[in-house]
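# For reference, the sequence and a predicted model appear below.
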Amino acid sequence: MTRVRIIGAPTDYGANRRGVDMGPSAIRYGGLADELAGAGVDVVDVGDLHVPRAEERDPDTAEPAVGNAKFLKETAGVCRRLADEVSDTLADGAVPLALGGDHSIAIGSLVGSARDADIGAVWFDAHADLNTPSTSPSGNVHGMPLAAALGIDEFAGKAWANAPTLSPENVALVGLRSVDSAEVDLIRDRGFTAYTMSDIDERGVTDVTEEAMAAAAEGVDGVHVSLDLDWLDPNEAPGVGTPVRGGVTYREAHSAMELVDEADCLRSMELVEVNPTLDRNNETASLATELAASAFGKRVI
């Protein structure tokens, strides 16, 4: 039986709107443990990391030498602790499932997952998350986690942020529809596998997801899956901070997560960017629990 350890990371340091720090509570309230149990998974919830409120911190305490990255010191602290939890979970033979919180927590997930293994990553997201302090239009770190983990530009040599066994050739981005120009250049120049929503429209989510998982898994020990709920269309998942119209449907999302399970290479996972202050009746959080269950093997029959 698969063992899953739930780790809450209730941070909104990386986001442009407050409230996403309540995401872990909303996802649990949405029935995550029951959904995973329904998938035949042995679940342990270790609670939340301690994260001081953003309102109690100065976002500019540790500004980078170049550009802008808000709450960088605080984000580094959360990600160090999450990396340790993820690494310890894997050492215990369980699969870590991190709950955000904004997408900056993926830095910790990736660093922890890569600590003792070569990994790939599949990024289900409307955004590429490849900005750096010098390219980010906002300075919000939730738009930088992949760049941080890969040690790109200002993140080079930052031990807290770098996952040295992750390479762009084993990163697949799925469902892109809002990508900044500097990110486009990186995707083209560094060997990423990238699929826009047009690719999904033309080829179908099944072919795209199968190909993405295969690219991420090539020659590595396991794959980290990052699921940002803004990957879905806002009509399906309204409770996110950076919604972009034209995302995947409810059924497409479930089909993709079922294929994650069938690929049989899932090493670690996170659910991020659920913001209950923007949601309708906890709809987005409940959807996150269903999708996680599909990724861990739940089926209709």
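Cool, got the structure.

# max-length helix in this protein?
Looking across the chain with DSSP state H, the single longest helix is helix 72-91.

# Burial check on M1, number of neighbours?
When neighbours are counted by other Cβ atoms under 10 Å, M1 registers 6. In short, each C-beta sits where N, CA and C put it, glycine included.

# Report the contact partners of the closest residue to M197 other than its chain neighbours.
Nearest in space to M197, with sequence neighbours left out and distances taken as Cβ to Cβ, 6 or more residues apart in numbering, is R177 at 4.7 Å. Residues near R177 by Cβ atoms under 8 Å, 6 or more residues apart in numbering: 126, 196-197, 244, 246-247.

# so how many other residues sit close to D153?
Residues contacting D153 under the criterion other Cβ under 10 Å number 18.

# what's near enough to touch it?
Taking Cβ under 8 Å, 6+ apart, one finds 132-135, 147 in contact with D153.

# measure D42 to D92 for me?
12 Å (Cβ to Cβ, to the nearest Å).

# Could you do L36 as well?
For L36, the distance to D92 - Cβ to Cβ - is 17 Å.

# On the three-state scheme, the one residue sitting closest to the centre of the chain is what?
What sits nearest the mean C-alpha location of the chain, by Cα atoms, centre = their mean, is S226, with 3.2 Å. On the three-state scheme (DSSP: H, G, I helix; E, B strand; the rest coil), S226 is labelled strand.

# Likewise for G239?
Strictly by three-state DSSP, G239 counts as coil.

# So it sits against P276, correct?
Yes - G239 is within contact range of P276, at 6.0 Å (criterion: Cβ atoms under 8 Å).

# if I look at the two, which residues touch both of them?
What both G239 and P276 touch, as defined by Cβ under 8 Å, 6+ apart, is the set 26, 282, 284-285.

# Please narrow those to those residing in helices.
26, 284-285.

# All the strands of this protein, residue numbers only.
3-9, 42-48, 95-100, 119-124, 171-176, 193-196, 222-228, 266-272 (DSSP state E).

# strands paired with the third one, and their directions?
Meaning strand 95-100. strand 3-9 (parallel), strand 266-272 (parallel) (DSSP bridges).

# that older thread, mind putting the shared contacts of G239 and P276 into TSV with distance to K73 and pLDDT?
TSV is the format used below for the shared contacts of G239 and P276 (distance: Cβ to Cβ, whole Å; pLDDT from 0 to 100):
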residue	distance to K73	pLDDT
A26	27	98
N282	32	98
T284	29	98
A285	29	98
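
# from those residues, which would you call buried?
Applying 16 or more other Cβ atoms under 10 Å to the shared contacts of G239 and P276, the neighbour count classes 26, 282, 284-285 as buried.

# Ramachandran coordinates for the residue nearest to D228 when sequence neighbours are not counted?
Leaving aside its sequence neighbours, D228 sits nearest to D125 (Cβ to Cβ, 6+ apart; 4.1 Å). With angles defined as degrees, to the nearest 10, D125 sits at phi -170, psi 150.

# measure D125 to V141 for me?
15 Å.

# Looking at those two, which has the bigger crowd around it?
Neighbour tally, D125 and V141, criterion other Cβ under 10 Å: the higher count belongs to V141, 31 against 28.

# Now do the contacts for that one.
13-14, 69-72, 75, 102, 104, 148.

# before we move on, the earlier item: just the buried ones out of the contacts of D153, please.
132-133, 135, 147.

# Could you dump the ones in helices among the shared contacts of G239 and P276 into JSON lines with distance to D230 added?
Below are these laid out as JSON lines (distance: Cβ to Cβ, whole Å):
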{"residue": "A26", "distance to D230": "15"}
{"residue": "T284", "distance to D230": "9"}
{"residue": "A285", "distance to D230": "14"}
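
# ok, so of these, who is nearest K158?
A26 (30.8 Å; Cβ to Cβ).

# ok so, going back, L36 and D92: which is more packed in?
Taking other Cβ under 10 Å, L36 and D92 do not tie; L36 has more neighbours (24 against 11).

# end to end, how far does stretch 126-146 reach?
In stretch 126-146, first residue to last residue: 14 Å (Cα to Cα, to the nearest Å).

# Okay, buried residues for it please.
Those would be 126-133, 135-136, 139-146, for stretch 126-146 by 16+ other Cβ under 10 Å.

# and the buried ones among the contacts of D153 as TSV, adding pLDDT and distance to R80?
Below are the buried ones among the contacts of D153 laid out as TSV (pLDDT from 0 to 100; distance: Cβ to Cβ, whole Å):
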residue	pLDDT	distance to R80
T132	97	20
P133	97	19
T135	97	24
A147	98	18
